[in-house]
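Novice: What follows is a predicted structure for the sequence shown.
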Amino acid sequence: ILLALDGTQLDMNTIEFACYIAKVRQSRLTAIVVENLKGEERPRLKQLYGLPYVETITTEDFPENQVKEKACKENERIFGDACVNRGVNFRIHHNRQTSVRDLIEESRFADMIIVSPTTSFLDQTESAPSQFVKHLLEGSECPVIISPYSFEVIDEILFAYDGSKSSTFAIKQFVHLFPCFQIKKLTVLQIDKKQILPFKNEERITELLSAHFSSIHFEHLQGKPSEELFGYLLGKRDLFIIMGAYGRGLLSNLFVRSTADLAVKTINLPFFISHA
């Protein structure tokens with residue numbers, strides 16, 4: 001399990017949630033702590049007008065980097081202590097200038113990535129979900145879990161279903177990664193824009209889900225998917241939401257329009273997002 005952390009602004013709620021996920025899966029939690037330092041880590045040979053020269057401005061030449069470096073080391077210690085206190089096996093990747101592209105490459109070799117919706121490696125404040133999180137959702141090669149702002153327990157699973165290959169793949173990924181949650185109640189939610197329609201491939205999806213969950217409940221909503229889903233989730237607690245492909249499909253508006261930003265800001269629930 002990868003955990004993306006801003007090294008200078010530690011989010012203890014996300015660490016708490018990540019430790020819970022790692023513990024129920026009995027998995028190692030690997031933190032990638034980034035602080036977005038200015039300059040190069042070491043002098044590098046570059047070219048200007050076809051002539052080679054050595055870039056001598058490194059991260060050590062910026063005073064603000066020393067402050068960030070100190071904060072990052074302290075936060076790494078706090079993360080390690082949190083894992084030890086919760087009985088979680090952990091590792092820390094020391095890479096001060098990891099980009100979204102680097103993290104996406106890491107995702108190819110991970111079971112999942114956990115990230116806060118506000119994680120950002122820019123110096124200015126961003127709205128949630130941040131551009132970093134949006135890019136990660138678009139490119140990740142493993143499921144991404146967006147952590148809640150605060151967390152107690154998971155009592156129910158909500159499967160946002162639209163009949164697509166992507167949404168079906170997402171629930172299969174979830175079942176594979178979280179067999180421990182198969183004893184929880186599963187609600188399958190389908191949102192139809194114009195009129196209530198029969199569940200897509202109802203017999204097949206029921207057969208698939210009943211092989212893993214003993215308590216399955218189907219619900220239908222009608223209306224604009226992003227707005228209906230937002231209204232449905234508002235005020236819910238102890239729920240884990242499963243969604244398919246980010247950026248396309250019936251429910252993609254949850255994360256790409258203003259309603260989505262409002263949802264991520266006000267709905268204090270974890271999202272499991274995966275695509276085929």
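Specialist: Yep, that arrived. Residues are numbered from 1 along each chain as shown.

Novice: From D11, how far out is the nearest residue to I32 once chain neighbours are set aside?
Specialist: Using C-beta to C-beta, 6 or more residues apart in numbering and skipping the chain neighbours, the partner closest in space to I32 is H93 (4.7 Å). Where you see a C-beta, it was placed from the backbone N, CA and C, and this is true even at glycine. Remark: distance between H93 and D11 (C-beta to C-beta, to the nearest Å) = 17 Å.

Novice: Neighbour count: those two, which is higher?
Specialist: D11 (19 against 15; other C-beta atoms under 10 Å).

Novice: Give me the neighbour count for the residue nearest to the more buried one when sequence neighbours are not counted.
Specialist: Excluding the flanking residues, the one nearest D11 by C-beta to C-beta, 6+ apart is S116, at 5.1 Å. With neighbours defined by other C-beta under 10 Å, the count for S116 comes to 25.

Novice: And the pLDDT for S116?
Specialist: Note on S116: pLDDT of 90.

Novice: I'd like the distance between it and D155.
Specialist: For S116 relative to D155 (C-beta to C-beta), the value is 22 Å.

Novice: same deal with F132?
Specialist: 30 Å.

Novice: again with F230
Specialist: F230 is 21 Å from D155, by C-beta to C-beta.

Novice: same check, this time on Y20
Specialist: Where D155 is concerned, Y20 sits at a distance of 13 Å (C-beta to C-beta).

Novice: With L234 instead?
Specialist: 17 Å.

Novice: swap in F17?
Specialist: 15 Å.

Novice: again with V34
Specialist: Counting by C-beta to C-beta - V34 and D155 are separated by 33 Å.

Novice: all helices for this protein, in order.
Specialist: Here the chain has its helices, by DSSP state H, at 12-25, 63-85, 100-107, 131-139, 165-177, 202-210, 225-233, 253-256, 258-266.

Novice: Nearest to I273, out of those?
Specialist: helix 131-139 (6.0 Å; C-beta to C-beta).

Novice: List the contacts of F271.
Specialist: I145, I146, I241, M243 (C-beta atoms under 8 Å, 6 or more residues apart in numbering).

Novice: Need the helices of the chain in CSV (columns: mean pLDDT).
Specialist: Shown next, in CSV, are those (pLDDT from 0 to 100):
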stretch, mean pLDDT
helix 12-25, 96
helix 63-85, 84
helix 100-107, 90
helix 131-139, 86
helix 165-177, 94
helix 202-210, 94
helix 225-233, 85
helix 253-256, 52
helix 258-266, 56
